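Asks: Following is a predicted model, sequence given first.
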Amino acid sequence: MAIFFALAFAWLVLPSAAGAAGESGSFEISIPQGSQAIVLAICIVYFLAVLGFGLLFGRFSRDTHDFFYSGQRFPWWLITASMVATGIGSYSFLKYAQAGYNSGLSSTMTYLNDWFVMPFFMFGWLPIIYFSRVRSIPEYFERRFNVVVRYLAMIIILAYMLYYIGYNLFTMGLAIQGITGVNIWIPVLVCTLIIGFYVTTGGQTAVIFTDLLQGFMLYLAGAVVLVGGLIWLGGFGEFWGWLPVELRSPFAHINATPRLGTANTFWGEGIAGSIAFTFMNQGFIMRYLAAKSVNEGRKAAVANVVILLPLSAVVVSCAGWVGRAMMTKGAAQGLIPFELHDTYHTFTTVLWTVMRQNAIVFGFIMAALLAALMSTVDTLINACAAIGVNDLYRRLVKKEHSEKHYLVVARVVSVVATGIGLLLVWMFTTMEQDLFNLHYKGVMVIIPAMVTVIFMGAFWPRFTSAAAVAAMIGGSAINFLSLTFTQWVDPLSRFLLAYPPEGTPPEHSVFRGIFGCLVTATIGIVVTLFTPRPSETKIRGLTVFSLEDAMRSFKAGLPNFRRGRRGSAGGLAFKVQPDTGGRVLLPGGLMEDLAITEGDLVYVADDRWWLGGLRSVQLKAGRAAEEGVVVLAPEEVERGSFDPSRPLRVEKIM
Amino acid sequence: MPDHPPRPPWPAMIAVPVVIFLCWALPRLAVQLGGIEGPWTPFLYQYFLGGLVFAIGLVVIRVSGACDFRRPGDRTWFTALVLGYVAYALMHGTVTWLAYAIPFKGVQG
């Protein structure tokens, strides 16, 4: 059903003109044959390196819990770093460099409006999903509402993710086609095979570690373009001085430019970007669920929004800003630094110019562009597999089976998701539409109903199952119809001052997001008021009003909030002993030091911090008979991949 | 565990119209203060309305008990949230100011 929706949606929503593929057929730079070979060779080496890296870490996946959530063991810095590459898609470099060239620093707006929803996420959605131990958002919906809502959510989320897989593959194919002149299907198929292989083999652990590498590559790529551009221009003062004033502002005009106007972006991107990525994107949710605790998840969220999103905004946009300053300065001096007939090619054209046609550096950056694609798509494929196994197969096909069996199914679903992505690429190549419209028309119709129901479910205990069903179906349908009856969106657009000045045709592709949310919320509120209140027992621990219950259920006991003299203790020797009762046995002195009582959840990890929790487990604490040594059962040593010769670190989780 | 009595609906009945009114009034206040073409108007728009969303979030997490200052770390996280909002506003404000404070070297057209 979700596959049908993703395909039908792409077919119905994006038919208006077949431009993206056609107009982007070639970049406006001419790369000599020898240089093309160098670029390709670097990309191939990079591909192989990523593949090897993914497979290296993939061996830590033993069951579906590891395959999807990496066993809830990673520290905040690893989660954050791996999210960089997930958040930057291959289209980001093309789209934002183009926006940066045309609109200046306001291209960063879409990256920098996430903070406003952080209270809802850090103290609401994150603890709810973490403590309730749900494996997917649809599973949350079944527990909070009923099975009908679960499957509606599953269809919407799968459609959203499959759409993104296809879109990312498509934009990457366009980029490579433009540089090399090869058929779009060659890079698409090669990338798909590589991603499919390491995701299928290694699961979430492979995804997180390859994304760590890819994120580093992306930032390095951005730094190379920025520094190269500044050197070309003669320093930051020259760059800023030659950037037209109207392009220096971090905001666009409030409503004059319909697409990137501040009002449109605030409401539209606030929905598509901030809320959807944070609350609904199964790939991101799984990253947070891979954190060793809610606290680490919060740290990851803060670091992501405060540090990494601003950096990412610069990385993907700077080619456009630098290119515009170069063009202005060049024009004043009677020079034309580069030809740019179509601003879609801004990134590659500026890069080629500032690198002074150096094929090695250019090849390296193009490898990073591919990194952006692969790291977004790998997360989505793994997320699709999580939903496919947990929400479809495990529920409808085989309820009780071995973990090994489910692991095989997860791999098969990964392959299927990748195949559907390829099918969508084929559909996109037959359509004419600019990339911006392609992207926004897609996400703004798919997501509003879903994010609204997530919000209402998590933050309004009175919200009922019947209301959730009505809101999702009604909200999606009306939002879809607003593609045809665009005048429905006008009143809200005027109310929020997002409507362009008279005489300018309104462009609602971005703004439609908030319209869909409002319609969904209205239906949800009305139906809720006419249906019986949900039982408090049923929704306990699943709304923001009952988090204490969620914590209690997560720990299977009363949470222990006492602070110890230290947060964690390292350098601990351990011995292996059977029959520990599934617990880690800790010396009494250590338990006192960390304020741990018997039955508390503790995190036991290899003491080497840079392993990032790769060798770790979460266990309940018990008291050891002897001081000075930690005791683990053999199966826990195996589960944590511990090296008997290496000391451990212990930390209280709850 | 016994069910808690339903929460009274009146806080929401007051809050919803107030929020709708603010969604209408704040953009107009931003335009009133900065002028429709003014360089600071988009900044005011974003931080007025974003501030409204943010404030609702803070109220919800406090009222619901999701953020409980008796729990270790919650007060720190709450402070971090507020400081994050201020930091973002300062960052955007600084870049907006720099945009207009440093003269353009070419011919403004």
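Replies: Thanks, I have it.
Asks: Which helix or which strand is home to residue A:227?
Replies: helix A:185-233 (DSSP states H and E).
Asks: so who does residue A:150 touch?
Replies: Residue A:150 is in contact with A:138-139, A:141-142, A:391, counting by CB atoms under 8 Å, 6 or more residues apart in numbering or on different chains. For every residue, glycine as well, the C-beta is placed using N, CA and C.
Asks: rewinding a little: what is the mean pLDDT for the helix holding residue A:227?
Replies: Helix A:185-233 carries an average pLDDT of 81.
Asks: From the chain's centroid, how far away is that helix?
Replies: 14 Å (CA atoms, centre = their mean, to the nearest Å).
Asks: what sits up against the helix or strand that that helix is followed by?
Replies: Downstream of helix A:185-233, the next assigned helix or strand under DSSP H and E is helix A:236-242. With CB under 8 Å, 6+ apart as the contact definition, helix A:236-242 has outside contacts at A:229-230, A:233, A:248, A:321-322, A:325-326, A:328-329, A:332, B:98, B:102-106.
Asks: do that again at 10 Å, thanks
Replies: Contacting residues not belonging to helix A:236-242 are listed as A:226, A:229-230, A:232-235, A:248, A:318, A:321-322, A:324-332, B:98-99, B:102-106 [CB atoms under 10 Å, 6 or more residues apart in numbering or on different chains].
Asks: Please enumerate residues in contact with the helix or strand that that helix is followed by?
Replies: Next in sequence after helix A:236-242, counting helices and strands by DSSP H and E, comes helix A:245-248. Contact with helix A:245-248 is made by A:100-107, A:240, A:252-253, A:320-321, A:324-325, A:328, B:39, B:95-96, B:98-104, B:106, B:108, as judged by CB under 10 Å, 6+ apart.
Asks: try 6 Å this time
Replies: A:104-105, B:99, B:104 (CB atoms under 6 Å, 6 or more residues apart in numbering or on different chains).
Asks: Give me the subset of those residues that lies in helices.
Replies: Here DSSP state H is the test, and these give residue B:99 as lying in helices.
Asks: Reformat the contacts of helix A:245-248 as CSV; add distance to residue A:422 and neighbour count.
Replies: Shown next, in CSV, are those (distance: CB to CB, whole Å; neighbours: other CB atoms under 10 Å in any protein chain shown):
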residue, distance to residue A:422, neighbour count
A:104, 36, 24
A:105, 37, 24
B:99, 44, 22
B:104, 48, 19
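Asks: Redo the contacts of helix A:245-248 as CSV? Include pLDDT.
Replies: Formatted as CSV, the contacts of helix A:245-248 follow (pLDDT from 0 to 100):
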residue, pLDDT
A:104, 91
A:105, 93
B:99, 93
B:104, 87
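Asks: Just the ones of the contacts of helix A:245-248 in strands?
Replies: Among these, no member is found in strands (DSSP state E).
Asks: Show me which of the contacts of helix A:236-242 are buried.
Replies: Neighbour counting by 16 or more other CB atoms under 10 Å in any protein chain shown classes A:226, A:229-230, A:232-233, A:248, A:318, A:321-322, A:324-330, B:99, B:104-105 among the contacts of helix A:236-242 as buried.
Asks: Right, I'll leave it there.
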